[in-house]
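Participant: Following is a predicted model, sequence given first.
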Amino acid sequence: MILRGPPLPAPRWPTLVHALAPAADDPSGVTYVDLHERETFLAWGEVFARAERAAAALADLGIAPGDRVAIVLRTGPAFLDAFLGAWLAGAVPVPLYPPVRLGRMDEYTEATARMIALSGARVVVSAGGTRRILGAAVERARPPLGCLDAGRLAAGAGRLARLPAPEDLGLVQFSSGSTVDPKPVALTHGALRAMADALVLEARPDRSRDALVSWLPLYHDMGLIGCLLGAMTYPGPLVLIAPEHFLARPALWPRAMARHRGSISAAPSFAYAYVADRVRPADLHGLSLASWRLALDGAEPVSADGLRRFAARLAPHGFDPGALVPVYGLSEAALAVTFARPGGTGAAPEGRRVDPVRLARDGEAVPGSREVISVGTPVAGVEVALRGRGGEEVGEGRLGRIYVRGPAVMRGYLGDAEGTARALRRGWLDTGDLGFVVGGELYVHGRAKDVVIVRGANHAPDEFEAPLAAVPGLRPGCAVAAGFTPEAAGGEALLVLAERARDAGEEDGVLEACARRAVLEATGIAPHTVRVLAPGTLPRTSSGKLRRGEALRRFQAGQLAPPRPVSALRLALEAARSQLAYARARIRRKICRSPSPSPRPEERPGGPITGFSPRPMDALVQLERSPGRTREQDP
Amino acid sequence: MTEREQRVADEIVRIALEELRLDGAPPPRDAPLAGQLDSLALLSLVVAVEDRFRIVLPDDDAAGARTLEDFARLVAARAAPEVLP
């Protein structure tokens, strides 16, 4: 099965850097909104002039064409100075995420030092306290020109505007890496131009009435390429909110949309649910969101429920639920692969309901209970292929691995020939994602690399994680499912690690039982082990995505320690439970030898102590005692 | 902690619970905040506290504050007397 997007139109410019000077003639520009909705406006002309000064300052410092410039700055004019200044110096910007605050500094320093080194950056541009924090990372990575204060960039008197060639490296962005450590994705100027052209064709902005509003981080593709570069190359009005301000005051987003008659905005699913849950009625009073015509939802599996809640919450303010458009993409493809077609129906996207068991076992999408949202069809210039294990193309309605080809696909991972060879074969990018096509539209259903194999059938972890969102007392979206091989079991089994909600009053045992029941009801599979964790225990990527493989690894290594105080009483309790667990395990090993299907635990007198669904503590004790004997999930 | 820092700590807890709706028991004052709040909650808490006390905490100072106690001390030292609770 191959899906093809429309042909890419003739390039508007050789590269996006060539688009800067024409944009400078447009009266529109960038508006920065702060926490109190005070606004600072810089016309594209001023943005360009500052970037030219920054380019001259970088060149004076010794930055030559092709050099990498790491940028660690929060959303603000200095970020644009550094990013566009690096471009006009002929250099390659490498945006990195700014430090987390109130702790976790060691991990931050380590990750940042690693990214600076991997990108081969010659200089790091930062400012203020962030720059002082970077000291340790800079010391370890040793970029030859050190760490530069962004304030020095726009202050110089010189001007420089070098123009790159399409085949030159244009950006190194780190993939958010849900399953693997971040990798430096190398994109050429030609790839970035192709993506911006495809996005403009998709959004069809109308200069007289469109405005783009974004609170997304500028160090990731959706905020950087989709919003900043998209608006700059058009050119049109761009309204930027710092992500940390959005998190503290989510109402800033719809309010900025209303104030600026914003028409286009993008965010991951969680943000739509976050707004639905957190924005107070008073903050929306009197707002009109009727101008919002494209609300793109991507970067993580699309949650139909989250979108519907958002639509219901904002519909009274004139928001058109038909504006919600699920999209699919990844950093390695310079952002977008597919776009759902705007419905224009006035309704939030409806998913296709498929049978998860048939999909997992037979790789067939037949009608059933699980809702999967269409992410549409390829954007211009992009081809999507679905292939089976042997590399053969799969047909309509069949689950396959998603491959992408097109002019925006990365050149490779910088300095990682092996990783590049694994990801790119004959021009096709292996996304590691699974999906199927029905009616010419792509449905993404989990990741091949994270697949859970239970009783010989393949399952996407999302399938087990989704029903947990509805369990009271568990944190929505904060659970991972993975396949593991407990010692006493006859093969791979399902592990569920779920974080409890902050306000959950129930005991772990009660929550575990609820989670177990929810997964069983939704999927027909009883988790072998459910462990309820304190909020924040599960490892996440820099963009907040849960890292399933890493969570499993830590669990197996006994390192998933919840941050709770250990009291003498708790220790005594745990010891007692362990003793009990050993006794149970001995009995169970005998029962387990009979492979006949067992009835559902709750239908059985005596509770869930059976060969097919042992209590969590048992498996845990066994795992912790013999970590070397459990199979690692990730290759 | 001084009485002034104590009041700041109480106010931070109030912001977390009431304004950011980070429900649950108030965090112990001497335990690492990063072990109690995820990065999203931490980030929004810092922003809300900065806003309430009309200060801007540079990243390096904010990184040095690991516990509620540290955080309250930092805020109490930087905030103008008239905005303190």
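Facilitator: Structure's in. What do you need?

Participant: pLDDT wise, what is A:P349 at?
Facilitator: The model reports A:P349 with a pLDDT of 85.

Participant: quick one: contacts for it?
Facilitator: Counting by C-beta atoms under 8 Å, 6 or more residues apart in numbering or on different chains, A:P349 touches A:302, A:304, A:307, A:324-326, A:340, A:343, A:373-374. Yep, even glycine has a C-beta here, placed from its N, CA and C like the rest.

Participant: so A:V125 sits in a helix?
Facilitator: No: A:V125 sits outside any helix when classified using DSSP: H, G, I helix; E, B strand; the rest coil, being strand.

Participant: my guess is A:R401 meets A:R425, correct?
Facilitator: No: the criterion here is C-beta atoms under 8 Å, and A:R401 misses it with A:R425 at 11.8 Å.

Participant: between those two, which one's more packed in?
Facilitator: A:R401 (20 against 12; other C-beta atoms under 10 Å in any protein chain shown).

Participant: and the more buried one, what element?
Facilitator: For A:R401, the host element (DSSP states H and E) is strand A:400-405.

Participant: So which other helices or strands are in contact with that strand?
Facilitator: strand A:383-387, strand A:428-438 (3 or more C-beta pairs under 8 Å, 6 or more residues apart in numbering or on different chains; DSSP states H and E).

Participant: How far off centre is the helix or strand following that strand?
Facilitator: From strand A:400-405 onward toward the C-terminus, using DSSP H and E, the following helix or strand is strand A:412-413. Distance of strand A:412-413 from the chain centroid (C-alpha atoms, centre = their mean, to the nearest Å) equals 19 Å.

Participant: Against which helices or strands is strand A:412-413 packed?
Facilitator: Strand A:412-413 packs on strand A:184-188, helix A:417-423, going by 3+ C-beta pairs under 8 Å, 6+ apart.

Participant: residues in contact with that strand?
Facilitator: A:183-186, A:419-420, A:423-424.

Participant: Single out the residue in the stretch 101-250 of chain A that lies closest to chain B.
Facilitator: Nearest to chain B in the stretch 101-250 of chain A, going by C-beta to the nearest C-beta, is A:G129, at a distance of 2.6 Å.

Participant: Next, find the distance separating that residue from A:G483.
Facilitator: 43 Å (C-beta to C-beta, to the nearest Å).

Participant: same question, A:P407
Facilitator: According to C-beta to C-beta, A:P407 and A:G483 sit 37 Å apart.

Participant: next one: A:T377
Facilitator: 32 Å.

Participant: from the helices and strands packed on strand A:412-413, which stretch is densest packed?
Facilitator: Highest mean neighbour count among these (mean count of other C-beta atoms under 10 Å in any protein chain shown): strand A:184-188, with a mean of 25.

Participant: circling back to that earlier point, for A:E52, which of the helices and strands packed on strand A:412-413 is the nearest?
Facilitator: Proximity to A:E52 (C-beta to C-beta) singles out strand A:184-188 among the helices and strands packed on strand A:412-413, at 22.7 Å.

Participant: correct me, but A:D430 touches A:L424?
Facilitator: Yes: look at A:D430 against A:L424 with C-beta under 8 Å: they come within range, at 7.5 Å.

Participant: Tell me where chain B has helices.
Facilitator: B:3-14, B:39-53, B:59-64, B:68-78 (DSSP state H).

Participant: Put together CSV for those, with mean pLDDT and mean neighbour count on each row.
Facilitator: Shown next, in CSV, are those (pLDDT from 0 to 100; neighbours: other C-beta atoms under 10 Å in any protein chain shown):
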stretch, mean pLDDT, mean neighbour count
helix B:3-14, 92, 17
helix B:39-53, 86, 21
helix B:59-64, 83, 20
helix B:68-78, 93, 20
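
Participant: Distance to A:W44 added to these, as JSON lines?
Facilitator: As requested, the helices of chain B are exported to JSON lines (distance: least, C-beta to C-beta, whole Å):
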{"stretch": "helix B:3-14", "distance to A:W44": "41"}
{"stretch": "helix B:39-53", "distance to A:W44": "29"}
{"stretch": "helix B:59-64", "distance to A:W44": "29"}
{"stretch": "helix B:68-78", "distance to A:W44": "37"}
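
Participant: of all these, which lies closest to B:P28?
Facilitator: Closest of the helices of chain B to B:P28 is helix B:68-78, at 7.5 Å (criterion: C-beta to C-beta).

Participant: about what we covered before: A:G129 and A:G483: which has the busier surroundings?
Facilitator: A:G483 (22 against 18).

Participant: Tell me what that one is bridged to.
Facilitator: Note on A:G483: beta-bridge partners by DSSP bridges are A:L494.

Participant: Surely it and A:V496 touch.
Facilitator: No: between A:G483 and A:V496 there is no contact under C-beta under 8 Å: 11.0 Å.

Participant: got a list of what A:A24 touches?
Facilitator: Residues near A:A24 by C-beta under 8 Å, 6+ apart: A:44-45, A:47-49.

Participant: chain center to the strand holding A:R401: distance?
Facilitator: So, by C-alpha atoms, centre = their mean, the centroid of strand A:400-405 is 18 Å from its chain's centroid.

Participant: just stretch A:289-306 next, same as before
Facilitator: For stretch A:289-306, the distance to the chain centre is 14 Å (C-alpha atoms, centre = their mean).

Participant: sorry, back to before: pick out the lowest-pLDDT one from the contacts of A:P349.
Facilitator: The member of the contacts of A:P349 with the lowest pLDDT is A:G343, at 62.

Participant: Distance of the closest residue to chain A within chain B relative to B:A16?
Facilitator: For chain B and chain A, the shortest gap (C-beta to the nearest C-beta) falls at B:P58, measuring 2.6 Å. B:P58 sits 21 Å away from B:A16, going by C-beta to C-beta.

Participant: Over to A:G298?
Facilitator: 31 Å.

Participant: can you check A:P367 too?
Facilitator: Taken as C-beta to C-beta, the span from A:P367 to B:A16 is 46 Å.

Participant: In terms of neighbours, single out the busier of those two.
Facilitator: B:A16 (25 against 9).

Participant: Excluding sequence neighbours, find me the nearest residue to B:D70.
Facilitator: Nearest non-adjacent residue to B:D70, counting by C-beta to C-beta, 6 or more residues apart in numbering or on different chains: B:G64, 7.0 Å away.

Participant: I'd like the distance from that neighbour to A:P99, if you could.
Facilitator: When B:G64 is compared with A:P99 (using C-beta to C-beta), they lie 11 Å apart.

Participant: Equivalent analysis for A:C478, please.
Facilitator: 23 Å.

Participant: can you check A:G400 too?
Facilitator: 40 Å.

Participant: for A:G146, same thing?
Facilitator: Separation of A:G146 from A:P99 (C-beta to C-beta): 18 Å.
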